[in-house]
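*Asks:* Here is a sequence with its predicted model. Questions after.
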Amino acid sequence: MMKDVLFNLIKKQHLNISIYTEEIFERRCQEEIIRSDEEQSSFVYLEFSFEGIKAELPDEEEHLQFWELFMAALSKNRGSDIMGFLEHQSGIGILLLDSKLNGWTRVKGRLEQLASEHGMQKMKSLLEKTVNPIVYPTCIQDTEETK
């Protein structure tokens, strides 16, 4: 089960990462929508589907390497960003608070750089195929920036 794999990676690498349960993560998403509306701020919502990533990286060693790099990159996130399991533990969701698309660009760049340093050539195409960042509130300008 991916939950166990991720927790083992966090423990093995001594990373300071917290992953909310799916119920708490869903509640935090709802709270951020309300806060964003009240404060007229924005955030970026990201989903990393376990199934989608496994389909792109069927080799078990590459798949595990992706998650190792993912956790290492996310351990350097700002403390205000939120990570949790998606419904039915089907993946990981991330909220990049008080961000627009530049928040995703920052995380994506960190993942790509770390992957390059470790010889993983597929990271850029993997992220482009499997991650669709959503900026809340959605603006036409933000949507066009992803293209």
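*Replies:* The structure has been received and is ready for your questions. Since we're looking at a predicted model, the values are computed, not measured. Residues are numbered from 1 along each chain as shown.
*Asks:* So what's the gap between the helix or strand hosting residue 102 and the chain middle?
*Replies:* Assigned by DSSP states H and E, residue 102 belongs to helix 101-117. Relative to the centre of its chain, helix 101-117 is centred 11 Å away, using C-alpha atoms, centre = their mean, to the nearest Å.
*Asks:* So which elements touch the following helix or strand past it?
*Replies:* Sequence-wise, the next helix or strand beyond helix 101-117 is helix 123-130, with elements assigned using DSSP H and E. Applying 3 or more C-beta pairs under 8 Å, 6 or more residues apart in numbering; DSSP states H and E, one finds that helix 123-130 makes contact with helix 50-56, helix 60-74, helix 101-117. C-betas here are computed from N, CA, C, even on glycine.
*Asks:* what's the helix or strand following helix 123-130 packed up against?
*Replies:* Counting by DSSP H and E, the element after helix 123-130 in chain order, helix or strand, is strand 134-136. Where contact means 3+ C-beta pairs under 8 Å, 6+ apart, strand 134-136 is packed against helix 22-39, strand 43-49.
*Asks:* Need the helices and strands packed on helix 123-130 in CSV (columns: mean neighbour count and distance to residue 80).
*Replies:* Putting the helices and strands packed on helix 123-130 into CSV (neighbours: other C-beta atoms under 10 Å; distance: least, C-beta to C-beta, whole Å) gives the following:
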stretch, mean neighbour count, distance to residue 80
helix 50-56, 16, 25
helix 60-74, 17, 13
helix 101-117, 17, 11
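*Asks:* And the residue sitting nearest the centre point of the chain, its phi and psi?
*Replies:* Against the mean C-alpha coordinate of the chain, by C-alpha atoms, centre = their mean, the closest residue is residue 94 at 4.6 Å. Residue 94 adopts backbone torsions of phi -130, psi 140, taken as degrees, to the nearest 10.
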